[in-house]
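Peer 1: From the sequence below, what's the structure:
(2 chains)
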There are 2 protein chains.
Amino acid sequence: MASPEIETLTQALARLPGLGPRSARRAVLHLLKKREAAMTPLLRALERVNENLAICGTCGNVDTIDPCSVCTDAQRDPRLLCVVEEVSDLWALDRSRLFPGRFHVLGGRLSAMEGVRPEDLTIDRLIARLSEGGVDEVVLAMNATLEGQTTAHYLAERLEGFPVRITQLAHGLPVGGELDYLDEGTLAQALRARRPVA
Amino acid sequence: MASPEIETLTQALARLPGLGPRSARRAVLHLLKKREAAMTPLLRALERVNENLAICGTCGNVDTIDPCSVCTDAQRDPRLLCVVEEVSDLWALDRSRLFPGRFHVLGGRLSAMEGVRPEDLTIDRLIARLSEGGVDEVVLAMNATLEGQTTAHYLAERLEGFPVRITQLAHGLPVGGELDYLDEGTLAQALRARRPVA
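Peer 2: Got it, this is the predicted structure:
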């Protein structure tokens, strides 16, 4: 029976992915006990992000500047464009620092089940970007799901006329994957895409 | 490589107990994508709690009012007082709604290792509360750790002169506990405190 304000804060935190009622309560208690070290910095950070929230008009990334910090990064190769389903995918690939190019966020995947059609995604914007020229390779980095792969095939067809290389992420065994524990689909893909030993 | 504001927010969230860098990133992404439904409510809730944060001068609970919502709850029996180590313990017991009385937060436990002495805890305040009269029973609800039990014994001695019943939480098998998996200490306690079958 904490005060209504504390209950409201607990519920707001509990709705975040990865947190539940129990961990939200622990987090709130931490915030209450460490006001200077935890509560104030979190509050200030939230305020600043909330004030400056922006969707990148170029790639669809969520950031505090538009164009976003990825699009404006002069270190990146503008000839490489990686197409992803969601902002979270962009972040996941960006975190690895393995992809030196730029991104394009589709905003979802084609789905008959969920009624997502091509016009619901940012495909027109992607085509506009490619029409401006300067891109040599488009990496289709859809999820390895049925809908992700359907989207990739659809995109590959739509982009056929452009003078760009269309590639997609390799499918196969994940690092540390043990054959005994992997699903048949992954095994089939790994077998189909087998390569000569160097 | 998100903007510095987003990085700062991610780090502030990642420092909460139960969240790590990965889940903090997912939480931030969720906040960014659901500005109205998630970001704004969280921000408002944090602001309100931050403005009204108060430590209860009576029991030591953290709340937005002083005396706190537990101490001012007229439904509670003022003759029952439960002494706990930390605010989190108060919340844990309060959540269960099983204890109908009030609380007293010690602010820690006696510890030779960590140099916590009786004067570092709110024992004087507890004694002052008891001196005012009106309390019939003091429940010592320390953790079932060596230091918690040392603290309970120390308190029991300090409170000897008062006309109150001193009790402590029962020790024994936890609900669902299987003998085969329980530690020897718990088994020894459960055996020592064995009771006749009703």
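Peer 1: now what about stretch A:138-155, what contacts it?
Peer 2: For stretch A:138-155, the surrounding residues in contact (C-beta atoms under 8 Å, 6 or more residues apart in numbering or on different chains) are A:80-85, A:89, A:93, A:99, A:101, A:106, A:109-111, A:113, A:118, A:121, A:123, A:126, A:130, A:156, A:159, A:162, A:164-169, A:171. For glycine as for every other residue, the C-beta is placed from the backbone atoms N, C-alpha and C.
Peer 1: what about 6 Å?
Peer 2: A:81-85, A:109-111, A:164, A:166-169, A:171 (C-beta atoms under 6 Å, 6 or more residues apart in numbering or on different chains).
Peer 1: likewise stretch A:22-41?
Peer 2: Identification of contacts with stretch A:22-41 by C-beta under 6 Å, 6+ apart yields A:9-10, A:13-14, B:12, B:16-18, B:50, B:62, B:88.
Peer 1: on that earlier part again, in CSV, list the contacts of stretch A:138-155 along with pLDDT and neighbour count.
Peer 2: CSV is the format used below for the contacts of stretch A:138-155 (pLDDT from 0 to 100; neighbours: other C-beta atoms under 10 Å in any protein chain shown):
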residue, pLDDT, neighbour count
A:Leu81, 95, 22
A:Cys82, 93, 23
A:Val83, 95, 26
A:Val84, 94, 26
A:Glu85, 94, 22
A:Arg109, 94, 22
A:Leu110, 96, 23
A:Ser111, 95, 16
A:Val164, 94, 17
A:Ile166, 93, 16
A:Thr167, 91, 14
A:Gln168, 88, 18
A:Leu169, 85, 15
A:His171, 85, 15
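Peer 1: among these, which are in strands?
Peer 2: Judged by DSSP state E, these include A:81-84, A:166-168 as members of strands.
Peer 1: Need the max-distance pair from those.
Peer 2: Maximum pairwise distance among the ones in strands among the contacts of stretch A:138-155 (C-beta to C-beta): 14.6 Å, between A:Val84 and A:Ile166.
Peer 1: Break down chain A into its strands, ranges please.
Peer 2: A:54-55, A:62-63, A:80-84, A:102-105, A:137-140, A:165-168.
Peer 1: Check the gap between the residue sitting nearest the centre point of chain A and B:Leu43 for me.
Peer 2: Central residue of chain A (C-alpha atoms, centre = their mean): A:Asp89, 1.9 Å from the mean position. With the distance defined as C-beta to C-beta, to the nearest Å, A:Asp89 ends up 26 Å from B:Leu43.
Peer 1: so what does the lowest-mean-pLDDT helix or strand in chain A touch, helix or strand wise?
Peer 2: When the helices and strands of chain A are scored by mean pLDDT, DSSP states H and E, helix A:184-192 comes last with a mean of 80. Contact partners of helix A:184-192 among helices and strands, from 3 or more C-beta pairs under 6 Å, 6 or more residues apart in numbering or on different chains; DSSP states H and E: none.
Peer 1: By neighbour count, which bits of it are buried? Give me those.
Peer 2: Using 16 or more other C-beta atoms under 10 Å in any protein chain shown as the test for burial, helix A:184-192 gives A:186, A:189-190.
Peer 1: could you redo the strands of chain A as JSON lines and give each row distance to A:Val70?
Peer 2: Compiled in JSON lines, the strands of chain A are given as follows (distance: least, C-beta to C-beta, whole Å):
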{"stretch": "strand A:54-55", "distance to A:Val70": "13"}
{"stretch": "strand A:62-63", "distance to A:Val70": "8"}
{"stretch": "strand A:80-84", "distance to A:Val70": "10"}
{"stretch": "strand A:102-105", "distance to A:Val70": "6"}
{"stretch": "strand A:137-140", "distance to A:Val70": "14"}
{"stretch": "strand A:165-168", "distance to A:Val70": "19"}
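Peer 1: quick one: which of those is nearest B:Val135?
Peer 2: strand A:62-63 (55.0 Å).
Peer 1: Next, report how far stretch A:65-78 is displaced from the centre of its chain.
Peer 2: 16 Å (C-alpha atoms, centre = their mean, to the nearest Å).
Peer 1: Would you agree A:Asp136 is in contact with A:Arg79?
Peer 2: Yes: here A:Asp136 reaches A:Arg79: they are 4.2 Å apart, a contact under C-beta atoms under 6 Å.
Peer 1: any chance you could map the helices in chain A?
Peer 2: A:4-14, A:21-33, A:40-52, A:87-96, A:123-131, A:146-158, A:184-192 (DSSP state H).
Peer 1: I'd like those helices written out as CSV, with distance to B:Leu179 added.
Peer 2: Shown next, in CSV, are the helices of chain A (distance: least, C-beta to C-beta, whole Å):
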stretch, distance to B:Leu179
helix A:4-14, 35
helix A:21-33, 27
helix A:40-52, 44
helix A:87-96, 46
helix A:123-131, 62
helix A:146-158, 48
helix A:184-192, 42
